[in-house]
Every structure is written in structure tokens, then in C-alpha cells.
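K.L.:
All I have is the shape, not the residue letters:
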């Protein structure tokens, strides 16, 4: 990981890093993928600062943001979505979680995390009542749907699994974006370094 992958700020306050505001982990879906929907992180941070968000950080190029805001998750997501559309012309889905929600997701992972390369989390834009993803040929790959997340365990590798983000979206009729274990843990560390991370 390069030093430039992270835009750093002081985030030591336990109640969100800005008095009276909440810290959010914000995910963008489908940017900087195979040359499509290019969105430089420096320009993204500039947009977020212009929107009035505080303590803005980005992590790597796949659309991972930490910020503080006094507004709700829904308003934060809508503002970011509209600002990206206005500047870049992209219709980018935006999801957000609090650090506490993020930590709970990590701790609730139902499979082994011993091999981080086969562990991932698909974050959904809403709670789903579905418990089954109708797809053939997943073989030894496993998943579990809990509220607004799909836990993935894919020994076949994420390059080969049938449990792709697009399939999950189509079958569950949701908008979703997937992050691997390393990124999921790192985002919690950036959002709230004082919270314990995941399973012991």
C-alpha cells in the first residue's frame, strides 16, 4: 500500500471526529474499474470538502471514503451521488455505514477468516428478507445473507466464483458493492482507530 493511498487526518475523537457530527464509512460502487468511471481521489476529496463534510479521507482507488457529517446517512449519500453526477456525469451508487455498524459486520462474519484472500463482504443498499441466492455452480463457495450484507467465503477465488457483485444485485434486487477483508478492516481502522477490529 502506498502512502498516497490514504489521505490522513486526526480522527482520535471517540464520538465521531468532529463535535456534534457522526463519522461515516462511505462506499462508491463501480468507479475506476477497467478504465471506466474514472474518478481521481484528489478530485473526489475536493468535491466532498466543497459539500461541507469534515475530516475527509479516501483509501485506495475503489471508492472508499471516511468523513464526518451532522447529516443522516441518506442525505450524505444523496449529496455525494448528485455531486459526482454533476461534475463527472457518472451515476454512481453510494452506500454508507457508521463505524459501529461496520464493526458489527466484521464481528458477525460466519465463516473462517484464516485465508483473507477468500473472504469478502457485499454491502447492500437496503435490508433484504431473502435468504437464498439462486445461482448454480457455486461448488465449495459459501455465502450468508444477514440484513443488509452478504458474507462471502470463496475458495474458488473471487476471479472465478459465481457469487459476483452483479449476480447478487440481480438476484436480490438491490444495489450492492463488495469489499475484501483487508479493505474492510482498514476502513474501520481509519474511521475509528479505538474500536477493536473483528474477531480475535
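P.N.:
Yep, that arrived. Fair warning: this is a prediction, and the values are worked out from it, not measured in the lab.

K.L.:
Tell me how far residue 41 lies from residue 56.
P.N.:
Residue 41 sits 10 Å away from residue 56 when distances are taken as Cβ to Cβ, to the nearest Å. Backbone N, C-alpha and C define where each C-beta goes, glycine included.

K.L.:
scratch that, residue 188
P.N.:
Counting by Cβ to Cβ, the separation of residue 188 from residue 56 is 17 Å.

K.L.:
Then residue 193?
P.N.:
Residue 193 sits 17 Å away from residue 56 when distances are taken as Cβ to Cβ.

K.L.:
Comparing the two, which residue is more hemmed in?
P.N.:
Between residue 193 and residue 56, counting by other Cβ atoms under 10 Å, residue 56 is the more crowded of the two (20 against 11).

K.L.:
what's the neighbour count on residue 36?
P.N.:
For residue 36, the number of neighbouring residues by other Cβ under 10 Å comes to 9.

K.L.:
and if you look at residue 43?
P.N.:
Neighbourhood size, residue 43 [other Cβ under 10 Å]: 13.

K.L.:
Show me the strands in this protein, by range?
P.N.:
Under the criterion DSSP state E, the chain carries strands at the ranges 22-28, 54-59, 64-69, 94-97, 119-124, 142-146, 149-153, 176-180.

K.L.:
Pull up the pairing partners for the fourth one, direction included.
P.N.:
Okay, so that is strand 94-97. Strand 94-97 has the following strand partners under DSSP bridges: strand 22-28 (antiparallel).

K.L.:
pLDDT (mean, whole number) over the strand it pairs with?
P.N.:
Mean per-residue pLDDT for strand 22-28: 97.

K.L.:
Tell me the buried residues in that strand?
P.N.:
Using 16 or more other Cβ atoms under 10 Å as the burial criterion, the residues of strand 22-28 that qualify are 22, 23, 24, 25, 26, 27, 28.

K.L.:
likewise stretch 90-108?
P.N.:
Judged by neighbour count (16+ other Cβ under 10 Å), stretch 90-108 contains these buried residues: 92-99, 101-103, 105-106.

K.L.:
Now do the contacts for the residue nearest in space to the middle of the chain.
P.N.:
Nearest to the mean C-alpha position of the chain, by Cα atoms, centre = their mean, lies residue 27 at 4.0 Å. Neighbouring residues of residue 27 by Cβ atoms under 8 Å, 6 or more residues apart in numbering: 63, 64, 65, 94, 95, 96, 97, 123, 177, 179.
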